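Enquirer: Next come a sequence and a model predicted from it.
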Amino acid sequence: MGAEIIQVDVIIPTQTKYLELIGQLGEQIVQKIDTFAADKDTLAYHLNLVLTEATANAIKHAHHNNPEDTVKIAIHIQDDAINIKVYDHGPGFDLQAVLSPDFDQPKEHGMGLFFIRTLMDSVAYIRTEDGNVLEIIKYLRPTGAKPTCS
Amino acid sequence: MNLELQKINGYSVLFVHEERIDAHNSGELKTYLLHLIEQGQIQIVVQLEGVRFIDSSGLGALLSGHKNAITKSGKLALVNVQKQVLSMFELTRLNRVFEIYANVDEALNNDT
């Protein structure tokens, strides 16, 4: 079962009405992972949330003057790891400059990336030839332990 | 967005009849709450029984309503918050910001 690979690529217009589709896709994929025996409902919710936040972020930063602009979401599951890549064609942003929210003075914005960082194991935002990609990794270890090297 | 407003004992009780609050519909919720508060309806209870998913923009919409109600010496309480949705409030410590009750009756009986 460890060799089983799931790969799903979806391309959507830069419109928020598609967020539910992407979120639910992630939620349903988790329910299909036989090797993950821990709390599937929680992981399913977290993946729904992370995909929703990452896609919403890509839509927000997209070029809205171009109606043909798209966001590509790639979900790859292999060797007990979920790898999510969200591609946008916008100008990009500095991931390191996005700070964690101040919980003593909560604000309406800035919680999306906090969710992604907190619920997943690795987050990177990389410039590509024609845009950017937000790469997110979640390891499927029921104990929550992360590998020391890969 | 499917919202239903009921006046109960002087409170504006807003029933959110949506399974999901995300960046697609949270703007509508935020605007609705702001209009309520502008009209002087500042004692608000938001009933979230049917909501099984909320994202950061949904939390932001409720936080906006809460802050605006407080500014006008009112309040915005949440009731019937489902387990996974509640966990988002806990992760962001917003459970310390909002008054959260089991149901509408409990919120109305805790008038402080």
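Expert: That came in fine, so what should we check first?
Enquirer: ok, how many other residues are close to B:Val104?
Expert: 20 (other C-beta atoms under 10 Å in any protein chain shown). Where you see a C-beta, it was placed from the backbone N, CA and C, and this is true even at glycine.
Enquirer: pull the longest helix from the chain.
Expert: Chain wasn't specified; assuming chain A. Determined from DSSP state H, the single longest helix within chain A is helix A:40-60.
Enquirer: You answered for a different chain; I wanted chain B.
Expert: In terms of residue count, the longest helix belonging to chain B (DSSP H) is helix B:56-71.
Enquirer: okay, the angle between that one and helix A:40-60?
Expert: Between the axes of helix B:56-71 and helix A:40-60, defined by axes from the mean of the first three to the mean of the last three C-alpha atoms, to 10 degrees, the angle is 80 degrees.
Enquirer: elements contacting helix B:56-71?
Expert: On a contact count with 3 or more C-beta pairs under 8 Å, 6 or more residues apart in numbering or on different chains; DSSP states H and E, helix B:56-71 meets helix A:111-119, strand B:20-21, helix B:26-38, strand B:43-47, strand B:75-79.
Enquirer: buried set for that helix?
Expert: The neighbour-count check on helix B:56-71 (16 or more other C-beta atoms under 10 Å in any protein chain shown) flags B:56-66, B:68-69 as buried.
Enquirer: Return the distance of that helix from the chain's centre.
Expert: Distance of helix B:56-71 from its chain centroid, counting by C-alpha atoms, centre = their mean, to the nearest Å, is 8 Å.
Enquirer: Kindly report the same for stretch A:98-111.
Expert: Distance of stretch A:98-111 from the chain centroid (C-alpha atoms, centre = their mean) equals 19 Å.
Enquirer: What parts of chain A come near chain B?
Expert: Residues of chain A that fall close to chain B, judged by C-beta under 8 Å from any C-beta of the partner chain: A:16-17, A:19-20, A:23, A:41-42, A:45, A:48-49, A:52-53, A:56, A:59-60, A:101, A:103, A:106-112, A:114-115, A:118.
Enquirer: contacting residues around the most centrally placed residue in chain A?
Expert: In chain A, the centroid-proximal residue (C-alpha atoms, centre = their mean) is A:Leu51; its distance is 4.1 Å. Applying C-beta atoms under 8 Å, 6 or more residues apart in numbering or on different chains to A:Leu51 gives the contacts A:22-23, A:25-26, A:73, A:75, A:84, A:86.
Enquirer: and which of the residues you listed is nearest to chain B?
Expert: Chain B lies nearest to A:Gly23 out of the contacts of A:Leu51, by C-beta to the nearest C-beta, at 7.1 Å.
Enquirer: what's around the closest one, how many residues?
Expert: By other C-beta under 10 Å, the residues close to A:Gly23 number 25.
Enquirer: Shouldn't it be within a helix?
Expert: Yes. Counting by DSSP: H, G, I helix; E, B strand; the rest coil, one finds A:Gly23 located in a helix.
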